[in-house]
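K.L.:
sequence? don't have it. structure:
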């Protein structure tokens, strides 16, 4: 019972006790008045006659005073009755005022109460209906007075009657949770307290009902229950439920039990490169792909950040292997239909037959098998990583794939002129492809903005080398390029970013890329300007030599472009070019 219920019910009881007290006062006072009157009357008659016999000896005088005795008695009785009646009226007025104040207080409490408060007769007809009841159920008081209680659904009528009987017998100690009906026909979850009212004879003449709307409370309870069983992000079962079911199955009579463990490849890279929102989308997609391979009744759960697990009761090794194959095929279908994000998983399983099934050991075996497969597919996982990065980068590039490939060849050509060959040259080309990977952390509205950038937007863009550095450290094939990616926007005069390096402190690979990247940007359209001609672009490079670019490398690059040697490089990057003098 709520605090408000506890406050209201005793007021009603005090009102009934007050009525009984007033009646008792009336009876006691009437009896007292009669007794006093009889005693004083007898005393007066006896004392008056004796006094008269002592004072007056003359019979005529006695006769006269006998006459006066009646008048004196009438006067004395009148005065006595006046004072006694005045006292009675005073008590009556006090009692009525007390009762009136109690009723006013009760009405104020009922009116202000957030609880719906109803008074009912013994046949469940409405006698009163407060404002909270009007708001809660939709009926005004004038619509329901005298009618059978409308808030009780027909399907609940017998159940409600039983509650009234229990309330009359004092068997309802706690509030009841019940569904009640609103005017529009909707049902609401309610907490109901019932208490009988009694007449002066102690007989039950009705009931008081106190009702609170607990719909939101019930909704929160359902949400908490859902959260205790399901993963909030993916909507499939969570680890707590999975472990509960796993141990429950271990204690049941099973012929066999299969467990599959799946790990989403490259999730950290998605989070680092495209943001956690994209990583969350991938987790949801992975959950749906896995769930689509099993029945609705099967336990498919997310048991970790990027791990999923499935319980297969009474599944043998063949059935479990078939389930794993369904997951792999479903992933292939997903990647065909969704080119933007690449989904890859490592899958492991374990099966145990017989009555004695140790589920903890079985799960550990499945988990270990998953990691073994991940190790076996290391090249595939690395390929997945590169696919993720390429798709992420493609969404943030100004140019198409062909133009990007030409830039790689130009970087390789300039690098060869500096004497770089072999594996080092391959790294340079890879660097050219991924140097701006940090752009995936820059909002598209800034990256492709046509108007001049604000100082704040420029600051955001200048973070991309640091973002790219962090991403490269997460990608096995790019770790060795992370330092170059961090420093590829440094200037020859030290005015670059993010470290402010100067001159030869800037890695040669970064100085090479800076020149080719600038030339590529100048000779291709950008959202904020049209492409410049080759001559205009080379003039810009020459002006920036010694400021932004290594002046010696700028001269070599200009010679390559003006001599037509670069045209041959774009046709084939396999040809060997002799290093320029002085490099």
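P.N.:
Thanks, I have it. Everything quoted here is computed from the prediction, not taken from an experiment.

K.L.:
how about the helices of the stretch 451-583 of the chain, start to end?
P.N.:
455-461, 464-474, 482-487, 508-522, 534-544, 551-562, 565-571 (DSSP state H, counting those that start in this stretch).

K.L.:
any chance of the ones you listed in TSV, plus mean neighbour count, distance to residue 193 and mean pLDDT?
P.N.:
To be clear about C-beta, it is placed using only N, CA and C from the backbone, and glycine gets the same treatment. TSV is the format used below for the helices of the stretch 451-583 of the chain (neighbours: other C-beta atoms under 10 Å; distance: least, C-beta to C-beta, whole Å; pLDDT from 0 to 100):
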stretch	mean neighbour count	distance to residue 193	mean pLDDT
helix 455-461	12	60	90
helix 464-474	21	60	88
helix 482-487	22	68	95
helix 508-522	22	76	92
helix 534-544	15	84	91
helix 551-562	18	87	90
helix 565-571	15	87	62
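
K.L.:
Dump the ones you listed into TSV; add distance to residue 408 as well.
P.N.:
Formatted as TSV, the helices of the stretch 451-583 of the chain follow (distance: least, C-beta to C-beta, whole Å):
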stretch	distance to residue 408
helix 455-461	23
helix 464-474	17
helix 482-487	14
helix 508-522	9
helix 534-544	18
helix 551-562	15
helix 565-571	10
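
K.L.:
which stretch among those helices comes nearest residue 172?
P.N.:
Nearest to residue 172, of all those, is helix 464-474, at 63.5 Å by C-beta to C-beta.

K.L.:
Quick one: list the elements packing against that closest one.
P.N.:
helix 267-274, helix 482-487 (3 or more C-beta pairs under 8 Å, 6 or more residues apart in numbering; DSSP states H and E).

K.L.:
hmm, try it at 10 Å
P.N.:
Where contact means 3 or more C-beta pairs under 10 Å, 6 or more residues apart in numbering; DSSP states H and E, helix 464-474 is packed against helix 267-274, helix 378-394, helix 422-434, helix 482-487.

K.L.:
quick one: the first one to helix 464-474, angle?
P.N.:
With axes from the mean of the first three to the mean of the last three C-alpha atoms, to 10 degrees as the criterion, the two stretches helix 267-274 and helix 464-474 enclose an angle of 170 degrees.

K.L.:
Tell me the spacing between the closest residue in space to residue 80 that isn't next to it in sequence and residue 328.
P.N.:
Leaving aside its chain neighbours, residue 80 sits nearest to residue 40 (6.7 Å; criterion: C-beta to C-beta, 6 or more residues apart in numbering). For residue 40, the distance to residue 328 equals 113 Å [C-beta to C-beta, to the nearest Å].

K.L.:
before we move on, back to that, nearest to residue 455, out of the helices and strands packed on helix 464-474?
P.N.:
Of all those, it is helix 482-487 that lies closest to residue 455, at 22.6 Å by C-beta to C-beta.

K.L.:
Could you list every helix and strand that that closest one packs against?
P.N.:
helix 422-434, helix 464-474, helix 508-522.

K.L.:
strand partners of the longest strand anywhere in the chain, parallel vs antiparallel please.
P.N.:
For the chain, the strand that runs over the most residues, judged by DSSP state E, is strand 187-198. Counting by DSSP bridges, the strands paired with strand 187-198 are strand 176-181 (antiparallel), strand 204-213 (antiparallel).

K.L.:
Comparing the ones you listed, which comes out most buried?
P.N.:
Comparing the strands paired with strand 187-198 by mean neighbour count (mean count of other C-beta atoms under 10 Å), strand 204-213 comes out on top with a mean of 20.
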